[in-house]
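Colleague: here are the coordinates; sequence isn't available:
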Ligand code: CTP
Ligand code: MG
């Protein structure tokens, strides 16, 4: 096991536009806001020393109160995010205390993370400078043209669905953001990819879904 301290950035500044504008991060599940579940698991990981929570400006106080209520002692700051996910990550990254060499980024909309998988992705992130949890795709995936006809069938053995947490070398990720922030990235390893840095896939668990649309709400019963 690699032994370095990690600062986690937990993202909770989304609008939930694919869920009738419900801010998923605050959705009450078993009387607790969804963000509670990620914070609880991350707090249990010894390597993770500090946590920064990124939320919308209007929710900073509300979020701070949640953190106080559940006594998440590792949370050092609750800050405002930006319009895009990557803006929120960048805001968080700028607040990471200098002593940390590695950061972990996690979507609060993924409440089912397992401690073991978090530790594994941390281990790979430290070893390879960039790592992400992922799982092999289960469905056959095809590339299509603009008219909806199949161009080709992709090799499923080479395809993975990317999850969070993702772990990266802080200075490399910061350099990536400084250079490429004018492009749109849907995950953080893509920025490292643009820098020519290879990301290691840490195979995780299919249960680590992102709550995105109302169909996903049925999975929340597993938290209860
Ligand atoms: N997120 C964020 N800042 C943004 C956008 C998203 O911190 N500007 C966070 C969300 O709170 C979520 C995670 O990034 O925990 C993944 O984003 P997503 O599932 O897309 O959530 P939303 O952006 O809230 O949903 P939607 O895209 O449907 O609006
Ligand atoms: Mg979004």
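Modeller: In hand now; what should we look at? Nothing here was measured: the structure is a model prediction, and the numbers come from that model. Ligands and ions are numbered 1, 2, ... in the order given.

Colleague: Which residues are in contact with residue 183?
Modeller: residue 194 (C-beta atoms under 8 Å, 6 or more residues apart in numbering). Any C-beta I mention is one placed from the backbone N, CA and C, and that applies to glycine too.

Colleague: Could you look up the SS state of it?
Modeller: coil (DSSP: H, G, I helix; E, B strand; the rest coil).

Colleague: Give me the pLDDT for it.
Modeller: Residue 183 carries a pLDDT value of 93.

Colleague: Show me which strand runs longest in the chain.
Modeller: In the chain, taking DSSP state E as the definition, the longest strand is strand 160-169.

Colleague: Let me see the mean pLDDT of stretch 131-151.
Modeller: Averaging pLDDT along stretch 131-151 gives 97.

Colleague: ok so, going back, wait, does the longest strand of the chain contact ligand 1?
Modeller: No - Strand 160-169 stays clear of ligand 1 (C-beta under 6 Å from any ligand atom), getting no nearer than 7.9 Å.

Colleague: Show me what that strand is packed against.
Modeller: strand 102-107, helix 115-128, strand 130-136, helix 189-194 (3 or more C-beta pairs under 8 Å, 6 or more residues apart in numbering; DSSP states H and E).

Colleague: What residues does residue 109 make contact with?
Modeller: So residue 109 contacts 14, 24-25, 34, 210-212 (C-beta under 8 Å, 6+ apart).

Colleague: Pop out the phi and psi values for the closest residue to ligand 1 within the chain.
Modeller: As assessed by C-beta to the nearest ligand atom, ligand 1 sits closest to residue 14 within the chain, at 2.0 Å. Residue 14 adopts backbone torsions of phi -80, psi 170, taken as degrees, to the nearest 10.

Colleague: pretty sure it contacts residue 23?
Modeller: Yes - in this structure residue 14 lies within contact range of residue 23 using C-beta atoms under 8 Å: 7.0 Å.

Colleague: Nearest approach to residue 147 belongs to which of the helices and strands packed on strand 160-169?
Modeller: For those, proximity to residue 147 was assessed by C-beta to C-beta; helix 189-194 is nearest, at 27.8 Å.
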